[in-house]
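Novice: my questions are about this predicted structure, shown below with the sequence.
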Amino acid sequence: MVGTLGAMTSVTPESAIAVTLSTSSVYPLGPEAAFETAARLGYDGVEVMVLGDPLTHDVRLLRRWSEDYGVPVLSIHAPCLLVTQRVWGTSDPWTKLDRSIELAHEVDSEVVVVHPPFRWQRDYASAFVDGVAEREVSTDMRIAVENMFPWRARNTDVQAYLPAWDPVPQPYDSVTLDLSHTATAGSDALAMQAALGERLAHVHLADGSGSFMDEHLVPGRGSQPCDEFLARLPEMGYQGLVCLEVGTRKLSPDERELDLVEALAFARLHLGHPPLQHTPELHPHRRVTTMRAGAARRRERRLDRRSRRKARRHLGG
């Protein structure tokens with residue numbers, strides 16, 4: 001698959017598990033930077049995390065970037081963060097999930113990732129399990145509910161999600177496992193992987209040290225068994241994607257590039273992929289953004305501060 005950069009972006013054999021790049025891994029750069037980076041470094045596709053930035057859910061632009069860079073949009077992450085409570089002009093979580101599913105179909109994605117409801121979204125939470133199941137059937141789209149973690153307040157673990165932060169005991173047909181979240185929760189990632197079996201539909205590959213912070217380290221730099229977890233995926237007949245979701249927002253352009261190259265190499269090595277024929281072209285990518293998108297990101301930061309204050313009030317009540 002050749003894009004305008006002249007690089008073969010899909011370098012993984014068809015029978016192998018595709019390794020993709022989340023747009024969140026280049027944040028605060030715009031989503032086009034994720035397409036450009038994925039093409040240049042040799043990722044097999046991207047996952048678009050829907051944010052307040054209008055570029056993250058502009059179908060026309062996502063299709064254009066996918067074609068221009070030769071990089072498919074293989075998954076969509078629904079807007080579930082505290083800072084994305086009014087994406088698409090609504091605070092209704094079902095509407096946002098439905099819009100995410102529509103977006104996934106429009107860009108030919110395979111799966112939509114969604115978080116379990118916050119504890120204070122009680123109406124949404126009470127219907128969440130059945131609502132997700134019904135939508136998987138009616139829309140013919142895998143909706144993979146992601147594992148989260150307890151929040152810690154005053155040295156106490158707080159249940160911030162309903163029906164639970166751990167999706168394994170829940171009757172979801174499709175689950176996303178995030179290895180930064182397993183580190184934060186103190187979960188056994190390998191046990192979760194084994195327990196899920198065919199219900200494991202999607203992987204967010206990252207690492208963590210066990211801190212109460214959700215670190216999203218480059219795999220191999222924390223305490224999680226990322227290497228063994230990846231090696232087990234082909235053995236269990238895993239049919240989903242492995243999406244790199246690592247934090248680079250505080251890094252220089254050169255440091256970001258090197259981390260994303262290392263993360264991709266780690267994933268491919270432990271998945272048992274053959275040596276790369278694609279040589280990554282390293283250079284600091286341009287800051288792809290617009291005034292409108294930049295304003296949206298500044299608004300997200302303001303909303304983040306307000307949302308966290310509101311969440312603390314909810315959890316304390």
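Specialist: Alright, I've got the coordinates. From a predicted model like this one, the values you see are computed outputs, not experimental measurements.

Novice: where does pLDDT dip in this structure?
Specialist: Scanning the chain for pLDDT under 70 picks out the ranges 1-14, 153-154, 275-317.

Novice: in it, which spans are strands?
Specialist: 19-22, 46-49, 73-77, 111-114, 142-146, 151-153, 156-158, 175-178, 200-205, 241-244 (DSSP state E).

Novice: those strands into TSV, with extra columns for mean neighbour count and distance to Val59?
Specialist: (C-beta placed from N, C-alpha, C; glycine too.) Below are the strands of the chain laid out as TSV (neighbours: other CB atoms under 10 Å; distance: least, CB to CB, whole Å):
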stretch	mean neighbour count	distance to Val59
strand 19-22	27	19
strand 46-49	28	11
strand 73-77	28	10
strand 111-114	26	15
strand 142-146	24	19
strand 151-153	15	34
strand 156-158	13	38
strand 175-178	26	23
strand 200-205	26	21
strand 241-244	26	20
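
Novice: for those strands, give me a markdown table that also has distance to Arg60.
Specialist: Listed next are the strands of the chain as a markdown table, based on distance: least, CB to CB, whole Å:
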| stretch | distance to Arg60 |
| --- | --- |
| strand 19-22 | 21 |
| strand 46-49 | 13 |
| strand 73-77 | 13 |
| strand 111-114 | 20 |
| strand 142-146 | 24 |
| strand 151-153 | 38 |
| strand 156-158 | 41 |
| strand 175-178 | 27 |
| strand 200-205 | 26 |
| strand 241-244 | 23 |
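
Novice: out of those strands, flag the one nearest Gly131.
Specialist: strand 142-146 (9.4 Å; CB to CB).

Novice: measure how that closest one sits relative to strand 200-205, angle-wise.
Specialist: With axes from the mean of the first three to the mean of the last three CA atoms, to 10 degrees defining the directions, strand 142-146 sits at 50 degrees from strand 200-205.

Novice: so what touches strand 142-146?
Specialist: Strand 142-146 has contacts (CB atoms under 8 Å, 6 or more residues apart in numbering) with 97, 101, 110-116, 132, 135-136, 167, 170, 172, 174-178, 181, 201-202, 204, 240.

Novice: okay, the angle between that strand and strand 73-77?
Specialist: Using the same axes, to 10 degrees: strand 142-146 against strand 73-77 is 50 degrees.

Novice: all helices of the stretch 201-317 of the chain, in order?
Specialist: Assigned by DSSP state H, counting those that start in this stretch, the helices in the stretch 201-317 of the chain fall at 226-235, 253-271, 291-316.

Novice: pull out the buried positions in stretch 253-273.
Specialist: By 16 or more other CB atoms under 10 Å, the buried positions in stretch 253-273 come out as 253, 256-261, 263-268, 270-271, 273.

Novice: same deal with stretch 44-62?
Specialist: 44-53, 55-57, 61-62.

Novice: now do it: distance from first to last residue.
Specialist: Start to finish, the residues bounding stretch 44-62 are 16 Å apart (CA to CA, to the nearest Å).
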